[in-house]
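[1] next input, structure requested:
(one chain, ligands or ions: 1)
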Amino acid sequence: MSTAVPGTTAVREVSVFGDAIAYFNEAAALLNLDPGIKAILTHPSRQIIFSIPFQRDNGGIEVYTGYRVQYNFARGPAKGGIRFHPGVTLDEVTALAFWMTWKCAVVDLPFGGGKGGVTCDPSTLSMSEIERITRRYAAELVEVIGPDKDVPAPDVNTTPQHMAWIMDTFSMHVRQNTPGVVTGKPLEIGGSRGRVEATGRGVSIVALDEMARLGIDPKGARVIVQGFGNVGGVAAKMFQDAGCTVIGISDVTGAYVNTNGIDAAGAMAYAQEHHSLDGYRGGDKMSNQSMLEVECDVLVPAALEKVLNIDNASRIKAKLIVEGANGPTTPEADHIFAKNGIIVIPDIMANAGGVTVSYFEWVQDRQGYFWKEAEVNARLEEVLLDNFAVLREIAQSRGISYRTAAYMVAIDRVVKSLKLRGVYA
Ligand code: GLU
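    Residues are numbered from 1 along each chain as shown. So this is what the prediction gives:
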């Protein structure tokens, strides 16, 4: 990924993984990490790059590139989504797998971290083309994924349907029905109730908890949500249900701002019908970048990486930023927010609701016994709030940010497992 260097016409290549490591290093310094352990944790266990040849509907053959990074296995099988996006690179997938390692540890799940992706633009592909790409992706990974090896899930532009194709392809290859090879599946084939909403629900749970601490009354609190997919759309609706006024929403087609409030459920229905928010009339249209700078109480970046960066950080007027996306804030921006007194709930805590219910799904699949939605939601809330309380305690007692506290807790948990297991050499 490249960004403009401010004040010049130059463009600088910025590594997403490099930024992620910068966050790790801040916490590692406070933990006095042994250099050998630090070396292990700053290297991915395994990176797999492969070709995905597939047939277009018109008969032509094309070849895309697929990735799966299994970052760390100290606490259990690798875990993390698969992204279909034109911006997918090995660097990005490695950073996302790195973040999954810490995300699973922050909420104390018995998983390591992984992530996958295909560099493609799904908006240019038919459903049957996407199915062929997805099945070939799964077939290429048959030996290295599985309920006790690596468990993929949905991410940007992948859905329960994609997971159904992966589960089916894997099960056909191993000649055994294996629902636990992926999570985020449709209910009919071993999915969990509450999984689709879990990430957005989790974002609102931790945000409302922090708002209570900050004395921000949800009634009338102004919320802006950037990104209106599975995370942003659900979070917007949950904020509204809690009494907040959602004053801005956006997707790739632009941002829609209305200080009197946007009807989140109506906007979701609109986006479902029209496949995007294009033409939505519930707010004034502006650019995504401008919307991020509108004054609000809570800002939820729920799209892609690096949207809050050195170029706009000093103009952000939110009181609280809740990272629905992975990696939306660069380290430079994070320091500006700290200086300006803006509280940030980091991605590895704020959006951990999704992987938490993925864990519940994996448990249910292994037991063949499925829980009611109320039970899933109650357990999700307990996991998130219990672990958020641990971060708050550390952040307050040491005078550090939630992000550094989250990395400290996560690194400490992974290091304990690593030390007990030892280095097999
Ligand atoms: N893709 C989601 C994330 O970034 C969910 C991962 C999962 O459920 O494994 O957390």
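[2] C-alpha only now, for contacts and for neighbours.
    Will do.
[3] point me to the helix or strand that includes the closest residue to the ligand within the stretch 301-425 of the chain.
    Residue nearest to the ligand within the stretch 301-425 of the chain: residue 355 (3.5 Å; Cα to the nearest ligand atom). Secondary structure from DSSP states H and E places residue 355 in helix 353-367.
[4] go on, residue 210?
    Per DSSP H and E: helix 195-214 holds residue 210.
[5] what lines up beside the helix or strand following that helix in the sheet?
    Where DSSP H and E defines the elements, the next helix or strand beyond helix 195-214 is strand 222-226. Partner strands for strand 222-226, per DSSP bridges, with pairing direction: strand 245-251 (parallel), strand 298-301 (parallel).
[6] after the shortest one, next one along is what?
    It refers to strand 298-301. Using DSSP H and E, the helix or strand that follows strand 298-301 in sequence is strand 320-322.
[7] for residue 325, which non-adjacent residue is spatially closest?
    Nearest non-adjacent residue to residue 325, counting by Cα to Cα, 6 or more residues apart in numbering: residue 302, 4.2 Å away.
[8] hang on, I meant residue 228
    residue 251 (5.4 Å).
[9] is that neighbour in a bridge, and if so with what?
    residue 254.
[10] quick one: residues contacting it.
    226, 227, 228, 229, 276, 277, 288 (Cα atoms under 8 Å, 6 or more residues apart in numbering).
[11] so how far is residue 267 from it?
    11 Å (Cα to Cα, to the nearest Å).
[12] next, show the common contact partners of the two.
    Common neighbours of residue 251 and residue 267 (Cα under 8 Å, 6+ apart) are residue 277.
[13] residue 246 is in contact with residue 265, isn't it?
    No: at 10.9 Å, residue 246 and residue 265 do not qualify as touching, with contact defined as Cα atoms under 8 Å.
[14] higher neighbour count, the two?
    Higher neighbour count among residue 246 and residue 265: residue 246, with 26 against 16, using other Cα atoms under 10 Å.
[15] ok, the nearest residue to that one once chain neighbours are set aside - how many residues close by?
    Using Cα to Cα, 6+ apart and skipping the chain neighbours, the partner closest in space to residue 246 is residue 223 (4.7 Å). Around residue 223 there are 26 other residues, counting by other Cα under 10 Å.
[16] so the residue in the stretch 51-200 of the chain positioned nearest to the ligand versus residue 116, what's the distance?
    When scored by Cα to the nearest ligand atom, the stretch 51-200 of the chain has residue 80 as its residue closest to the ligand, at 3.6 Å. Distance from residue 80 to residue 116, counting by Cα to Cα: 7 Å.
[17] what residues are shared contacts of those two?
    In contact with both residue 80 and residue 116: 97, 152, using Cα under 8 Å, 6+ apart.
[18] work out for me the element the spatially most central residue of the chain sits within.
    When Cα atoms, centre = their mean is applied to the chain, the residue found nearest the centroid is residue 326 (4.4 Å). Residue 326 belongs to no helix or strand when assigned by DSSP H and E.
[19] would you mark the buried spots in the longest strand that the chain contains?
    Scanning the chain for the longest strand, with DSSP state E as the assignment, gives strand 61-72. Neighbour-count burial for strand 61-72, counted by 16 or more other Cα atoms under 10 Å, picks out 65, 66, 67, 68, 69, 70, 71, 72.
[20] quick one, what contacts the last one?
    Remark: with contacts taken as Cα under 8 Å, 6+ apart, residue 72 is in contact with 41, 44, 45, 78, 98, 101, 112, 113, 114.
[21] one more: the fifth one?
    The contact partners of residue 69, taken as Cα under 8 Å, 6+ apart, are 44, 45, 46, 47, 48, 93, 94, 97, 114, 115, 116.
[22] out of those residues, list just those in helices.
    93, 94, 97 (DSSP state H).
[23] quick one, helices of the protein?
    Going by DSSP H, the chain shows helices at 16-31, 35-41, 90-106, 127-140, 160-174, 195-214, 230-241, 264-274, 288-292, 331-339, 347-350, 353-367, 373-398, 402-421.
[24] of the ones you listed, which is nearest residue 148?
    Nearest to residue 148, of all the helices of the chain, is helix 353-367, at 10.2 Å by Cα to Cα.
[25] can you list contacts of that closest one?
    Under Cα under 8 Å, 6+ apart, the answer for helix 353-367 is 80, 104, 107, 109, 147, 153, 179-180, 182-184, 190-192, 194-203, 370-371, 376, 380, 383-384.
[26] got the residues of the stretch 251-400 of the chain near the ligand?
    Residues of the stretch 251-400 of the chain lying near the ligand by Cα under 6 Å from any ligand atom: 352, 354, 355, 358.
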